[in-house]
Structures are given as structure tokens and as C-alpha cells.
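Q: Build me a model:
(chains A and B)
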2 protein chains.
Amino acid sequence: MISEKIFVRLGNLYDVSGRVINFSAGPSALPVEIFPALERGIRYADAEIGVMELSHRSPEYEAIHADARERLRRLLAVPESHEILLMQGGATQQFGQIAMQFGPGAYVVNGSWGEKAYEAARAWHGDRVRRRTVGAPDYRESWSPSDGDDFGGDDRSGQCAYRHMTTNETIQGVQTREDPDRPAVADMSSDILTRRLDWSRYRLAYAGAQKNLGPSGVTVVVIEREFMADERADVPEYFRYGAHAKAGSLLNTPPTWSIFVLREVLRHWESVGGIAHLEAQAVARSERLYGIIDASEGFFEGHARPWARSRMNVTFRLPSPELTRAFLTGAEAQGMVGLAGHRSVGGVRASLYNACPMEWVEALGEWMTEFVRRPGSRVTA
Amino acid sequence: MISEKIFVRLGNLYDVSGRVINFSAGPSALPVEIFPALERGIRYADAEIGVMELSHRSPEYEAIHADARERLRRLLAVPESHEILLMQGGATQQFGQIAMQFGPGAYVVNGSWGEKAYEAARAWHGDRVRRRTVGAPDYRESWSPSDGDDFGGDDRSGQCAYRHMTTNETIQGVQTREDPDRPAVADMSSDILTRRLDWSRYRLAYAGAQKNLGPSGVTVVVIEREFMADERADVPEYFRYGAHAKAGSLLNTPPTWSIFVLREVLRHWESVGGIAHLEAQAVARSERLYGIIDASEGFFEGHARPWARSRMNVTFRLPSPELTRAFLTGAEAQGMVGLAGHRSVGGVRASLYNACPMEWVEALGEWMTEFVRRPGSRVTA
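A: Below is the predicted model:
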């Protein structure tokens, strides 16, 4: 948990700009460069009307909406074979809706979120849902498509309607960066827009925006048109991907402010170099911390196997619960928040999404390096 | 549609504060008093961390979340027999989810939104869904519970799982302000928090926030615990009201900014007098315009029957399409937007939600009065 005092104290923070150093697993930091645009968006055009006050049928909002979708297509290099939808409810709603709409699938499970996706599918289809578990119960492994999946054959041959994977598991900090050998449905909630993708390998990808794309409240769905045509039609319109596609994601009132912020974030990422820049930053951030872990002679123990390490969530343990507490307390005193590991894994988790400046990673890296050398650290261990 | 020029022009607006006079059917105006708090929320506490950047598991966000729910309970006077949930997807998702979770219902339909709710239920349950239509096809009538509903007996006796009504139809501008004689499920999207309710008459009420409560992106659901216990359990967690209730509406990442703005709006409504104030304002706003319609000797023709008139959406026609266009163009030139009627009804629609200042209603009223007297108005008619 984040200590209350961090938020009332105004000085003495590590970040020279006075911002809290935010390693939350999401929602997390936004790029600081877009704040002036967001502030203007509250009242829009010198007090005439705020973005939140615009009708979703007004040309002004429709321009924001279209621009967000176009920027997603450009930044993610999505081909015309796939639709881009802006939806609500996060990945958790997608878990249920995908299984509802496409029938029983086959699930590769290598972490907590993959388990949740599988359980949602089982709620609809019971034992007809197939599962290949990788690295249970502590989930330190990624899934390599070249290792196979035991499902056999094409995933649309009738054995199962689709194959589902989770590209990044935030809780365990394991990531699959290899595109699947056969087209898959993928939960990309925590690593979308951090590497190039081969879209011919994805039938459907989905991501809540609140980690790498912007604020919570909007969910990005990229869906192959051919796959979308196979969905159930005998459900209410709102649950049909095709209905959202046909309406340009304006089937009903969208989360207009979240989409506005998403657009501002995307505009910023484009201006600084797009996906190539974002991928390079993700590599640099995560390698900095994994380097310190590897150089610590076992003082910091990474949760993920080295080959399975996530660029998004760096998970590690210290030699004892007392040292973990001391490490987290010291980090908080320096203005770093969101570092406690998920309760199911414990230890420390640093989430390093697109808007995390290298300066913040350096601050954490310095604290890790200093902490190892502190008198008492080795003794207590 | 809103003309582009309104939004680039900066001077010469009717509202002395320089704001556009916003009569949109939703999203619509926010109370201007909360803008400073929203601007601070972008960066929060002098640049430490923005509200959108807070983890939804942080004590800071959890305090906002709890406060929004508590203020809803106080302002709406919701008894402990009912849960208050903050969800996503708007009324349209509720149409589908209610029918999915509670089985075939009986629908009172007296406008376009009631039709949509009915159609969503039919998608799940086909002919098992019952319907009582009031005032079709042009829907100028409200539904009076004392007129009966043809459904017979108690709505949970097995004939149908629930009875559904739409308290305010935004497109036609008709409103049912009488609480139902037997407990109902009610779409209150466009008139929640504008009058006192007897909650013993409602099993479930739902409303997108973007009309009377705040921004789009969050849906308020008030659900009777006893009714909730009857929902289906064999669906994914996300579709179960009980799962959201158990998790305090933090089942997954909520739309944090929309809930923050909702909280700020509710805080403001409490500070100015709560529901009594809001109801008095709604009466004053709508009576001002209906008074002009009634005094116009038929020049303005209201769509709703006088006894069915909505306090939220005042719908009326002028004697000809040419006069309607001239009226709307003149209104736009004075900085009034969102007045064109829905394409299915035509004419003019003024949406008067909680954040619409009386000053804006006066501006429209003066323009209506002036327009009737213009040379040519009567001639063209």
C-alpha cells in the first residue's frame, strides 16, 4: 500500500519536477508533456465548452474520436484486415465477452490473468474450454509458441474456436514477446504499444488503456474482420463486436474524456518517435533494473526466469520480509510509490510502462544499489 | 448538428461568462463551479500525482471512490436494502446485462429507449419477453402505473422476473414521475437525481452519469439486495451484479477519472441544497419553456401531451421546416448548441439537466419569444 504521508508532503521528492515517482501496476503515470492539453480540455477553447461537456454526436467530439482510432492504427501498424474498437469494461469484460461471442476456446495459462481469462470462459462453456498451463503454480515462465500448445491443429478447425494467450503477466512479471505461430486471441493489457507486432498472428487483441496508452475507462480492441464475422448474433447488440465496428465505436455514449486523453497520449508518442522509440525505452528501463538484480549476487532474486522476464513489470524479492519492508519504506521516503509486489507473489514489483521516465528508473536503481551496500543488509540476510 | 463556427468563435456569446449555452441531450454541461477542482485533479496536489495516475488500489483513490458512493446514497436517500454500484457501458450495457442476469422481463414501452431495452431482452429470451406499449408510434404519452400494465399479478410470481420501465424518454420528451405501484426495474438515465424516489418501488435503477450526474464513462446502478440474489451465477464474474457489490465496485480497474468528476459534481449538488434544490430547479426550468409554448397560440407545438411532459427534455415543433431551420440557426448565432431534435422526431429539443443554469433557459426563452414576434414568422406559417 502507498503511505498516506507521501501524498501530503510537498517537498523532498526524488523527481526534481516534484512529481511522485509512480511505479503502480496501473493506472499509472501519464506523460507529463500532455498535462497542459488536459488542463485546456477541462474548459476547452478558453471556457467555451469542456471536452466532457461535448455531445458525442458533435463534430468536435467525433473529430477527437476518429483521430484516436487513426493514431492507434498508425502507431500499432494495424492492417485493414483488422478493425479498431474503443470499448469499456477493461480486460475483465473482454474475458467474458470473447467467450460469449466466439464459443469455447483453448487457453494458454502462464500467470494470474490468463487464469482469470480461462475461468471466465469456463463460466460459459465448462469443460469444453481447453487449457495448457505453463509454469504453475508460481508462474515464472513465458510461453514459447514454438514449444507448442498441445491443442493440435488449427485453432478454428472445430477443436476450439480460438486460442487465447496473455502476452504479459503483470503480477508475476513474465512476458511472451514471440508472436504466436498460429493466429491467437491475446490479452495485451500490459504491453500493447511497446513492441512491433505481426498482426497476421492475432485474431483479436485487447487492452485496457490504463497502463501503456492513457487513463482507465477505455479498452482498445483490435479484431480481425474475418474472425469477427464468426461471432454469435443472438445476443443484445452491445455484446456484438460487429455492432461496435459498424457504429465506429459510437454505438452508445463512449467514455469521451478517456478517449480524449488516449488521443493526447498517442499524439505525444507519435511526436517522440512512435513504436521504435517506445520499444527502445522499454528495453533500456527493464535492462537497467535486471542488470542490478543480476549484479547483486543473489541479494535481489528475480521472480521470472531470465528468459521469461517482462519489460513491463520487474518482480523481485529481498532475502527477508524485514529487508523487503525496509526497502519499500526507504523507497517511499524518497517519493517512490506503487512498488509493493502483488500479495500473491510478495516482494517488490516495479511497473515500467511507456510514460515512466528513465530518470525514475535511475532513482530506483540507485536506491537498489545503495540498499545492497547498506550496513546490515547482508547481516540481516 | 452543432455548427463548427460556434466553437471557434470566442466573443459575442449569450452567456456573459463566455461559455457556450449547451442544451445537448448528453453528454452535456457540468456545473461550472467544479472546474477548478477538475483542473487541480489533472496534476493533483501541486503536481505530485494526477487523479488519473493513481492506482485504483491506492488509499487516495479508494477515498474518492467511497466518497462518490456515499454521496450518491445520501443525495438519492437510498436505504440499506439497496446496493450502490459504479459500473461501465452505460444504459445500453445494462439493457443486455439485466435481461441476461434476471431472465425474461415485462417491458412497459413508451419511447425509443424503452424499445431498445425491450429489444435487448428479446435477443436473449425471444417471445418470453412481454411488452405493453403506451402511445406508439409517436410516443407522446407517459405511463401511469395506476393505469395498469396488462401484465397481471406480482412481477416476481413467475409470469416474468421483473417489470421494466423508462422513467424519462429523452428523444420524445415524455416522463413518468409517478413511482410504480409494484417494484420495477427502471432506466433512469436521463432523470436520476431530479426528484425524490420511493426506493421500495424499485428493484433496480440504472443511469449513465453523463446527463444529470457528471461525465460519460460511469454508470450508476442502485439494486435491491434481495433482487440481486436471484441473478444467474453461471456467467463470468464481470456480468454478475453480486460480484461488483462484493468488491465494492472495485472488481477490476474502474473508470477512475469519471468517478472523480462524479464525486465533484455530487459534492457541489450537496452544497447547494441537494435533491430539493435540484427538483425545484428542474420544475422552474421546464415550466419556463412550456409556459412560452402554451402562450404561443400554437406557433410552438409541444411533442408530449401536456400531462406527459418531461422536465428534462422539452421537445417542440415550429410551423414549418423552414422556420425550424431559421430558429436553430438564430439560436446557434447566439451561442446555443445542441437544440436540434432527434432525427426520429425532428423539431427542437432543449435538454435541461441539473447543470443547466436558469440563465441559459432565460436566453432560450427570450429567443423563442422574440422569434414568434418576428415579421415573417406568422406569414410563413
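
Q: ok, and the closest non-adjacent residue to A:L54?
A: Once flanking residues are discounted, A:L54 sits nearest to A:Y61: 4.3 Å by Cβ to Cβ, 6 or more residues apart in numbering or on different chains. Placement of C-beta: from N, CA and C, glycine included.

Q: scratch that, A:M100 is what I was asking about
A: A:W124 (5.8 Å).

Q: now the strands: where do they sit in the stretch 51-200 of chain A?
A: Using DSSP state E, counting those that start in this stretch, the strands assigned to the stretch 51-200 of chain A run over residues A:82-87, A:106-109, A:130-133, A:163-166, A:168-169, A:174-175, A:184-187.

Q: The first one packs against which elements?
A: With contacts taken as 3 or more Cβ pairs under 8 Å, 6 or more residues apart in numbering or on different chains; DSSP states H and E, strand A:82-87 sits against helix A:59-76, strand A:219-224, helix A:225-228, helix A:241-246.

Q: now do the second one
A: Packing partners of strand A:106-109 (3+ Cβ pairs under 8 Å, 6+ apart): helix A:112-125, strand A:130-133, strand A:163-166.

Q: Go through the ones you listed and pick out the most buried.
A: strand A:163-166 (a mean of 27; mean count of other Cβ atoms under 10 Å in any protein chain shown).

Q: For chain B, what's the nearest residue on the stretch 51-200 of chain A?
A: Of all residues in the stretch 51-200 of chain A, A:G96 sits closest to chain B, at 3.3 Å by Cβ to the nearest Cβ.

Q: thought the residue nearest to A:L54 was touching A:G50?
A: No - if you go by Cβ atoms under 8 Å, A:Y61 and A:G50 don't touch, sitting 11.2 Å apart.

Q: could you give the mean pLDDT of the longest helix along chain A?
A: If you go by DSSP state H, chain A has its longest helix at helix A:274-294. Here helix A:274-294 scores 98 as its mean pLDDT.

Q: and that helix, which residues are buried?
A: Residues A:274-275, A:278-279, A:281-282, A:285-286, A:288-290, A:292-293 are the ones in helix A:274-294 that count as buried (16 or more other Cβ atoms under 10 Å in any protein chain shown).

Q: And the residue in the stretch 251-381 of chain A that chain B sits nearest to, how far from A:L328?
A: Taking Cβ to the nearest Cβ as the measure, the stretch 251-381 of chain A has A:P255 as its residue closest to chain B, at 3.3 Å. The gap separating A:P255 from A:L328 is 33 Å, by Cβ to Cβ, to the nearest Å.

Q: Okay, buried residues for stretch A:40-58 please.
A: Buried residues in stretch A:40-58 (16+ other Cβ under 10 Å): A:41-45, A:47-58.

Q: before we move on, the earlier item: got the strands of the stretch 51-200 of chain A as JSON lines, with mean pLDDT columns?
A: Below are the strands of the stretch 51-200 of chain A laid out as JSON lines (pLDDT from 0 to 100):
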{"stretch": "strand A:82-87", "mean pLDDT": "98"}
{"stretch": "strand A:106-109", "mean pLDDT": "95"}
{"stretch": "strand A:130-133", "mean pLDDT": "94"}
{"stretch": "strand A:163-166", "mean pLDDT": "96"}
{"stretch": "strand A:168-169", "mean pLDDT": "98"}
{"stretch": "strand A:174-175", "mean pLDDT": "98"}
{"stretch": "strand A:184-187", "mean pLDDT": "97"}
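
Q: Quick check: which of those strands is nearest to B:S216?
A: With Cβ to Cβ, the closest approach to B:S216 among the strands of the stretch 51-200 of chain A belongs to strand A:82-87: 12.1 Å.

Q: how many other residues sit next to the residue lying closest to A:E231 once chain neighbours are set aside?
A: Once flanking residues are discounted, A:E231 sits nearest to A:Q101: 4.2 Å by Cβ to Cβ, 6+ apart. A count of nearby residues for A:Q101, using other Cβ atoms under 10 Å in any protein chain shown, gives 20.

Q: Kindly report the same for A:W143.
A: A:W143: 27 neighbours (other Cβ under 10 Å).

Q: That one and A:D150, how far apart?
A: On the measure of Cβ to Cβ, A:W143 and A:D150 end up 11 Å apart.

Q: Quick one: the helices in the stretch 251-381 of chain A, in order.
A: A:256-272, A:274-294, A:321-333, A:358-373, A:377-380 (DSSP state H, counting those that start in this stretch).

Q: follow-up on the earlier one: ranking the helices and strands packed on strand A:82-87 by burial, who's on top?
A: Note that of the helices and strands packed on strand A:82-87, strand A:219-224 is the most buried (mean count of other Cβ under 10 Å), with a mean of 24.

Q: starting at the chain centroid, how far to that one?
A: 14 Å (Cα atoms, centre = their mean, to the nearest Å).

Q: Ok, stretch A:60-72 next?
A: With Cα atoms, centre = their mean, you get 21 Å for stretch A:60-72.

Q: A:G302 contacts A:Y290, correct?
A: Yes - counting by Cβ under 8 Å, A:G302 touches A:Y290, with 6.9 Å between them.

Q: overlap in contacts of those two?
A: Common contacts of A:G302 and A:Y290 (Cβ atoms under 8 Å, 6 or more residues apart in numbering or on different chains): A:309, A:314.

Q: still on that earlier bit, in CSV: the buried residues of helix A:274-294, plus distance to A:G105.
A: Shown next, in CSV, are the buried residues of helix A:274-294 (distance: Cβ to Cβ, whole Å):
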residue, distance to A:G105
A:G274, 32
A:I275, 28
A:L278, 30
A:E279, 29
A:Q281, 33
A:A282, 29
A:R285, 33
A:S286, 30
A:R288, 37
A:L289, 34
A:Y290, 33
A:I292, 39
A:I293, 35
